[in-house]
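Enquirer: have a look at this prediction, sequence included:
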Amino acid sequence: MPKPTVSTTFNAVDRLSGPIRRMQQNVKRFALAAGVGMAAATFAVARSTMKFAEAGDEIAKTSRRLGLSAESFQELRLAADRSGVSAESFTTAMERLNKNVGDLRAGTGTLTTLLNKQNPALAEQLKLAESNEQAFSMLVEQMAAIENPMDRASLAQAAFGRAGQELIVMAEEGTAGIEALREEAR
């Protein structure tokens, strides 16, 4: 085997330097692409986590405003949804109930007037309700028991405002039906 000379060595290095340079460039491009991919994945995970946290925060704030636990709010909202009542309508109805039971305790408002005329016993029970969840259950039970659709609509409107008309469908499930839907949510 002949001894390598300086010129043969330089020629060999020249022939290898091009492929090595291309390989280095490919490795850099791959590393850059992998870095961009990792950054995109990290951003997507962070964004999903933020959306999840925001949704949880919104549920917590809304449930506190309505006087319900977050769990009860989510269960009842799912039960409403399964009954064909939108989440927005359910929240609006519960906000109105919150106000109307407060008015009932103060002796004012449409719910007070209606119940004093039609069902004073329910008025007294609602005044003693320990939570909005309990008041909601009492009213749903009463709405389910009313056979006359106009009387049912009148109570729904007085208790829940305009959104109460949508809750009539939910009330038809009765408290047992709503509890089954809540159990499904759990």
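Expert: Done, it's in. Numbering: from 1, shown residues only.
Enquirer: please report the distance of residue 96 from residue 111.
Expert: Distance of residue 96 to residue 111, given as CB to CB, to the nearest Å: 9 Å. In short, each C-beta sits where N, CA and C put it, glycine included.
Enquirer: can you check residue 145 too?
Expert: Using CB to CB, residue 145 is found at 17 Å from residue 111.
Enquirer: same check on residue 83?
Expert: According to CB to CB, residue 83 and residue 111 sit 22 Å apart.
Enquirer: neighbour-wise, which of those two wins?
Expert: Comparing residue 83 with residue 111 by other CB atoms under 10 Å, the one with more neighbours is residue 111, at 26 against 19.
Enquirer: so what does the strand or helix carrying the more buried one touch, helix or strand wise?
Expert: Residue 111 is part of helix 110-118, with elements assigned from DSSP states H and E. Applying 3 or more CB pairs under 8 Å, 6 or more residues apart in numbering; DSSP states H and E, we find helix 110-118 packed against helix 87-106, helix 120-127, helix 149-160.
Enquirer: ends of stretch 107-125, how far apart?
Expert: 14 Å (CA to CA, to the nearest Å).
Enquirer: using the three-state scheme, assign residue 147.
Expert: What DSSP: H, G, I helix; E, B strand; the rest coil gives for residue 147 is coil.
Enquirer: circling back to that earlier point, list residues touching both of residue 96 and residue 111?
Expert: residue 159 (CB atoms under 8 Å, 6 or more residues apart in numbering).
Enquirer: list the contacts for residue 118?
Expert: 151, 155.
Enquirer: start at 754, not 1
Expert: Shifting the count to begin at 754 puts that one at residue 871.
Enquirer: surely residue 914 is in contact with residue 845?
Expert: Yes - at 6.9 Å, residue 914 and residue 845 qualify as touching, with contact defined as CB atoms under 8 Å.
Enquirer: put the alpha carbons of the helix or strand containing residue 930 into PDB.
Expert: Using DSSP H and E, residue 930 sits in helix 927-938. The C-alpha trace of helix 927-938 is given here as PDB (Å, rounded to 0.1, in the frame of the first residue of the first chain):
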ATOM      1  CA  GLY A 927     -89.500  15.400  38.400                       C
ATOM      2  CA  THR A 928     -86.900  15.500  41.200                       C
ATOM      3  CA  ALA A 929     -86.200  11.700  40.700                       C
ATOM      4  CA  GLY A 930     -85.500  12.200  37.000                       C
ATOM      5  CA  ILE A 931     -83.300  15.200  37.700                       C
ATOM      6  CA  GLU A 932     -81.400  13.200  40.400                       C
ATOM      7  CA  ALA A 933     -80.900  10.400  37.900                       C
ATOM      8  CA  LEU A 934     -79.400  12.900  35.400                       C
ATOM      9  CA  ARG A 935     -77.200  14.400  38.200                       C
ATOM     10  CA  GLU A 936     -76.000  10.900  39.100                       C
ATOM     11  CA  GLU A 937     -75.100  10.400  35.400                       C
ATOM     12  CA  ALA A 938     -73.100  13.700  35.600                       C
END
